[in-house]
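Undergrad: fold the following, please.
(one chain, ligands or ions: 2)
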Amino acid sequence: MVKLNPNSMLPSSMVRSSTRRPGAKAHGQRGFSFIEILIVMGIIGVLVGGIVVAIGIWTRKGPVFATTNTMNKVKLEIENWKSKFEMYPPSDVTRIATVAGTGKNATLSDNPYNGPIEAIYQALYWPGSSNDPEWGADETANTDEDKLGKAVNKHGTAELMEIVDAWGNPFVYFHRDDYAKKFDAPDTYLTKDGMDVEARPHKRDDGTFYNPSSFQIYSMGEDGEPNTDDDITPWSN
Ligand SMILES: [Ca+2]
Ligand SMILES: [Ca+2]
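TA: Numbers count the residues shown, from 1 in each chain. Ligands and ions are numbered 1, 2, ... in the order given. I've put the predicted structure just below:
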């Protein structure tokens, strides 16, 4: 009668015995020394640590990087607008047609939020402007959900969109003519989280405004509050 090996289900006569003396090593096989294992574990630890640090830096810097990219794009579009119409776009949608000399002035939204950056969005699509910027899905929003009674831009969009930073909050914009006035009577913005905040133009330590001959655009930064240290600005402090 054929006996079956319980492990392999092969007849035991077909299973080669592999008995070896306890402690004996196969030919050419060598174990790792304790020191070698420690070195390998050390290398793995350094690699894992490096990856964790890199992820941490990216998590912290990623939104700043994305916000800076969008801000630079808006800046360039505004400069192109100025080349076309010889003035920087106003911070009020009701005055764009007067400044541009084309299109029809809009009536102001009936809410007090986000006016200047809404004006920039509309201005960049203004009749006669060569601008036709394309925005990523996360670069525009309408945090206050307002719209004009009638569309005035060349795409026929009545919605008063804002250009937003990587945290979903509207960028802050000031025309140079408005710096002093808006410093005393700041603009109100509505953040993604529904907070209304007051934004002023940035001043240098000596009390003068940054970009005195053009405009200011900046992000409120991660804290979602304007005029704090984490604001992302296009100028260096
Ligand atoms: Ca809006
Ligand atoms: Ca801030």
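Undergrad: going by C-alpha atoms from here, please, whenever you check contacts or count neighbours.
TA: OK.
Undergrad: ok, then the element right after the longest helix out of those in the chain?
TA: Assignment by DSSP state H gives helix 34-85 as the longest helix of the chain. Secondary structure here is assigned by DSSP states H and E; on that basis, the next helix or strand after helix 34-85 toward the C-terminus is helix 96-100.
Undergrad: phi, psi of the closest residue to residue 159 other than its chain neighbours?
TA: For residue 159, the nearest residue in space outside its immediate sequence neighbours is residue 147; the separation is 4.1 Å by Cα to Cα, 6 or more residues apart in numbering. Dihedral angles of residue 147 (phi, psi; degrees, to the nearest 10) stand at phi -150, psi 160.
Undergrad: any idea how far residue 203 is from residue 147?
TA: Going from residue 147 to residue 203 by Cα to Cα, to the nearest Å gives 32 Å.
Undergrad: where does pLDDT dip in this structure?
TA: When the per-residue scores of the chain are filtered using pLDDT under 70, the ranges that remain are 1-29, 108-109, 237.
Undergrad: burial measure for the residue nearest to residue 159, as a count.
TA: Neighbour count of residue 147, defined by other Cα atoms under 10 Å: 18.
Undergrad: show me what stretch 80-92 is in contact with.
TA: 78-79, 96, 99-100, 115-117, 119-120, 123-124, 129-131, 173-175, 214-215 (Cα atoms under 8 Å, 6 or more residues apart in numbering).
Undergrad: near ligand 2, which residues of the protein?
TA: Counting by Cα under 5 Å from the ion, the chain comes close to ligand 2 at 220, 221, 225, 226, 228, 230, 231.
Undergrad: mind redoing it with 6 Å?
TA: Counting by Cα under 6 Å from the ion, the positions of the chain adjacent to ligand 2 are 220, 221, 223, 224, 225, 226, 227, 228, 230, 231.
Undergrad: what's the spacing between the residue nearest the centre of the chain and residue 181?
TA: When the chain is reduced to its mean C-alpha position, the closest residue under Cα atoms, centre = their mean turns out to be residue 166, at 2.5 Å. The gap separating residue 166 from residue 181 is 29 Å, by Cα to Cα.
Undergrad: and residue 165, by the same measure?
TA: Between residue 165 and residue 181 the computed distance is 25 Å (Cα to Cα).
Undergrad: ditto for residue 132
TA: With distances taken as Cα to Cα, residue 132 is found 31 Å from residue 181.
Undergrad: buried residues in stretch 120-134?
TA: Buried positions in stretch 120-134, judged by neighbour count with 16 or more other Cα atoms under 10 Å: 120, 121, 122, 123, 124, 125, 126, 127, 128, 129, 131.
Undergrad: let me fix that, I meant to ask about stretch 147-163.
TA: For stretch 147-163, burial by neighbour count (16+ other Cα under 10 Å) applies to 147, 148, 151, 152, 153, 154, 158, 159, 160, 161, 162, 163.
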